[in-house]
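Chemist: Mind looking at a prediction? Sequence and model below.
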Amino acid sequence: METKKPNASFSASRPERDQEAEPANLLPRAVLRPNNYVLLDGDWSFSLDPDDRGLNDQWYVGHTFEGTAHWPGSIEAHMAQAKGQSTPLGWQDKVVAWYEREFMLPNRTESIARSMIQLTFGACGYETRVWLNGHSLHTIENEEVHLGEYTSFSYELPEEYLRPSNRLTVRISDTMDAEIPRGKQESHVYKRGGIWYQTYSGAVRSVWLETVERNRLRSRVGVVSEVENRLVRFSVTTRIHDPGDYTLRLQAVDLRSSETLATSDFPLRLEAGQKQQRVVLDIDKAELWSPESPTRYKLIAQLIDSDGYVAQIETRFGLRKIEARGRHVYLNNEPIYLDGILYQPGTATYEEMQQHMRSMKELGCNLVRVHIAGVDPRIYNLADKLGLMLWVEVPSPHSSTAKSRHNHKAELLRMVSLISTHPSVVIWSLYNEDWGAQDIASNPETRQYIMDMYHFMKLAYPQYLVVDNDGWQHVSYEGLLKSDLLTAHLYTPDLAYWRNLLERLTAGELTGVAAFPLVVGDPFFYRHQVPLLVSEWGGFGFANYGGPNESADRAERIRLFKEVLRQYPIAGDIYTQATDIEDERNGLIDPHTGELSVPSDLLNSSQHTPESQKQLPA
């Protein structure tokens, strides 16, 4: 266990010479806090609980654990380690694992009257329970059992439970339940093989202790820009133990010059508990964020109590606007073609994901579709810096029930609340190819849920485009599409048939083009009133999709397909895919080194667009 120095510099007076020169952030989160922290990563005592006896036998009170396991790491890898194997092992139906370690109480920089110790898990899946010295803990949201696999969650450690030396016990369980958000991990419905992958559950991201203020801002900040007037709406979340009068102070700082561009105070009367507050800054000198010019700024947010005590967080943000208008997508009121690629990080490390992102930029992409998976939050920061737009998707359940919809909504709300700071995130998908919404064409309740969540997202998070069900079977209600984009997944290795599909698709033919009708519900008549995207195509090299295996042949096929694609009134396309993963051998980037197997700029539309189409109409 090692005490770390603060993970960011909060001095607005110290110039940051360029936007690449950022403080190292060892924690998987985007919002930084000026405090010391203690990473609890490393070797933990570990035991599987195949008969699920640990709760009844009170392992959290005392238990002799059989082995050790490295945190972070998957249960599947820990199972393999216990058996002396190098390849992660799968499991059937259910798995329960227990982890335990001791830690010394960290030194506090603030008095106990003003501070507390907070424990944060970067992500654990799927069900997590935690005990401190045998006492059950509840998350800040008051969960005894935390559900979810893709986002962080925190515990405020009660003073009465703390000792100079402390014992932390964690129980993590997962099942093959098709009603929980799984993405492409196998379940009782979809078995491993082909496009379905082995489970990857358990202690998947770092865990750390830190000293936080009793009255503070939580590490979640929402950003909505009004680019025409250079106004930015920030949403901050207060966590209060001592009710009273507070001042919220926001300061926007130019990263290049350290000039303060805007600052404002907002008086608040706050009760105990948690509350979201929206406020606006006028940043009239701000430049806009775009793939060509990914300009970002520093936000310093302070919560100041009546005694003048300051609790502070910091993040980076950018001003940008995304719209679907007519048949084009507009970024900052300018039409933009979306040159995208499908990305499935799988078990890639943070370091490998960084290489992947840079290589996707080198391929000429301005958009990455992160395919129904959770990623390390620092990847969103990197996309912000590189100028890569992101299309984020909720990991899908595998069955359509009232319970699966409940779980889907909870996962969406967890994810969106933690990554709504980033200018790079421009599109959200609720479902993909109706996984978890298989009855979308026949069940009005499924369609109603999707419509409700679409409307919620548009109201609560207007900074995004929202896709209801990517690939096909979009929902129409009274002839109005409940999706900002009309998307189609088209797979063929035949160039002539590819041209035929695009001809029919852009002519408004909505059936017989993709695997299922493009629209369900009420009749919908496509007349270029919404942007049309081919959101999956290619897959060359994967046996199920066809096409060449050799890199040179594959590159030439991609070039020809892209050339044909750009001859039609389409707003963007997503090539499948960035890297190989398990049985899918269709990647363009080495998953370990990040090296390209095809020429750079291959997916850049400017290389394939006829001169007559290079200027998109306004």
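Modeler: Now that the structure is in, tell me what you want to look at. Remember, predicted model here, so these are calculated numbers, not experimental data. Numbers count the residues shown, from 1 in each chain.
Chemist: Strands of the stretch 151-300 of the chain, start to end?
Modeler: Remark: strands assigned in the stretch 151-300 of the chain by DSSP state E, counting those that start in this stretch are 153-157, 165-175, 202-203, 207-213, 216-226, 231-240, 244-254, 260-270, 273-282, 297-305.
Chemist: residues in contact with the last one?
Modeler: Residues outside strand 297-305 that contact it (Cβ atoms under 8 Å, 6 or more residues apart in numbering) are 10, 12, 213, 215-217, 221, 234, 236, 238, 242, 244-255, 261, 283, 286, 310-318. In this view, the C-beta of every residue, glycine as well, is placed from N, C-alpha and C.
Chemist: cool, the fifth one as well?
Modeler: Contacting residues not belonging to strand 216-226 are listed as 29-31, 33, 140, 231-239, 248, 274, 278, 299, 301-303, 311-313, 315, 317-321, 417-418, 420-423, 461-463 [Cβ under 8 Å, 6+ apart].
Chemist: just the buried members of those?
Modeler: 29-31, 33, 231-232, 234-239, 248, 299, 301-303, 311-313, 315, 317-321, 417-418, 420-423, 461, 463 (16 or more other Cβ atoms under 10 Å).
Chemist: Figure out the length between the terminal residues of stretch 278-296.
Modeler: Stretch 278-296 stretches 20 Å from its first residue to its last (Cα to Cα, to the nearest Å).
Chemist: ditto for stretch 593-606
Modeler: 27 Å.
Chemist: residues of that stretch that come out buried?
Modeler: Within stretch 593-606, judged by 16+ other Cβ under 10 Å, the buried ones are 594, 596, 598-599, 602-605.
Chemist: What of stretch 567-582?
Modeler: Applying 16+ other Cβ under 10 Å to stretch 567-582 flags 567-568, 570-582 as buried.
Chemist: do the same with stretch 555-570
Modeler: Here stretch 555-570 shows 555, 557-558, 561-562, 565-568, 570 as buried, counting by 16+ other Cβ under 10 Å.
Chemist: Distance to Tyr200 and secondary structure added to those residues, as CSV?
Modeler: Output for those, formatted as CSV (distance: Cβ to Cβ, whole Å; DSSP: H, G, I helix; E, B strand; the rest coil):
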residue, distance to Tyr200, secondary structure
Ala555, 31, helix
Arg557, 32, helix
Ile558, 29, helix
Phe561, 32, helix
Lys562, 33, helix
Leu565, 34, helix
Arg566, 37, coil
Gln567, 41, coil
Tyr568, 38, coil
Ile570, 34, coil
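Chemist: Can you tell me which of those is nearest Ser442?
Modeler: For the buried residues of stretch 555-570, the minimum distance to Ser442 (Cβ to Cβ) is 29.7 Å, reached by Ile570.
Chemist: contacting residues for that closest one?
Modeler: Here Ile570 is in contact with 502, 506, 532-534 (Cβ under 8 Å, 6+ apart).
Chemist: what about 6 Å?
Modeler: Leu532 (Cβ atoms under 6 Å, 6 or more residues apart in numbering).
Chemist: same deal with Ser551?
Modeler: 597-598.
Chemist: how much space between it and Asn586?
Modeler: Shown here: Ser551 relative to Asn586, a distance of 11 Å by Cβ to Cβ, to the nearest Å.
Chemist: do the same with Ile372
Modeler: Taken as Cβ to Cβ, the span from Ile372 to Asn586 is 17 Å.
Chemist: repeat for Ala507
Modeler: Taken as Cβ to Cβ, the span from Ala507 to Asn586 is 29 Å.
Chemist: In terms of packing, which of the two has more residues around it?
Modeler: Asn586 (23 against 11; other Cβ atoms under 10 Å).
Chemist: The more buried one contacts Gly539, correct?
Modeler: Yes - under the criterion of Cβ atoms under 6 Å, Asn586 makes contact with Gly539 at 4.8 Å.
Chemist: Now do the same for Glu611: its pLDDT.
Modeler: Glu611 carries a pLDDT value of 53.
Chemist: What of Arg17?
Modeler: 39.
Chemist: So which of the buried residues of stretch 567-582 sit within strands?
Modeler: 572-576 (DSSP state E).
Chemist: and of those residues, the nearest to Gln85?
Modeler: Closest to Gln85, out of all of these and judged by Cβ to Cβ, is Thr576, at 31.4 Å.
Chemist: residues contacting the closest one?
Modeler: 342, 536, 538-539.
Chemist: Show me what it is bridged to.
Modeler: Gly538 (DSSP bridges).
Chemist: So it versus Gly547, what's the distance?
Modeler: Counting by Cβ to Cβ - Thr576 and Gly547 are separated by 11 Å.
Chemist: Give me the mean pLDDT for stretch 168-186.
Modeler: 97.
Chemist: Could you tell me the end-to-end distance of that stretch?
Modeler: Note: stretch 168-186 ends 31 Å apart using Cα to Cα.
Chemist: now swap in stretch 209-227 and tell me
Modeler: OK, stretch 209-227 end separation, Cα to Cα: 38 Å.
Chemist: what kind of secondary structure is Ala514 in?
Modeler: Secondary structure assignment for Ala514 (DSSP: H, G, I helix; E, B strand; the rest coil): coil.
Chemist: In contact with it, which residues?
Modeler: 472, 488-489.
Chemist: Could you count how many residues lie near Ser290?
Modeler: Ser290, neighbours per other Cβ under 10 Å, totals 19.
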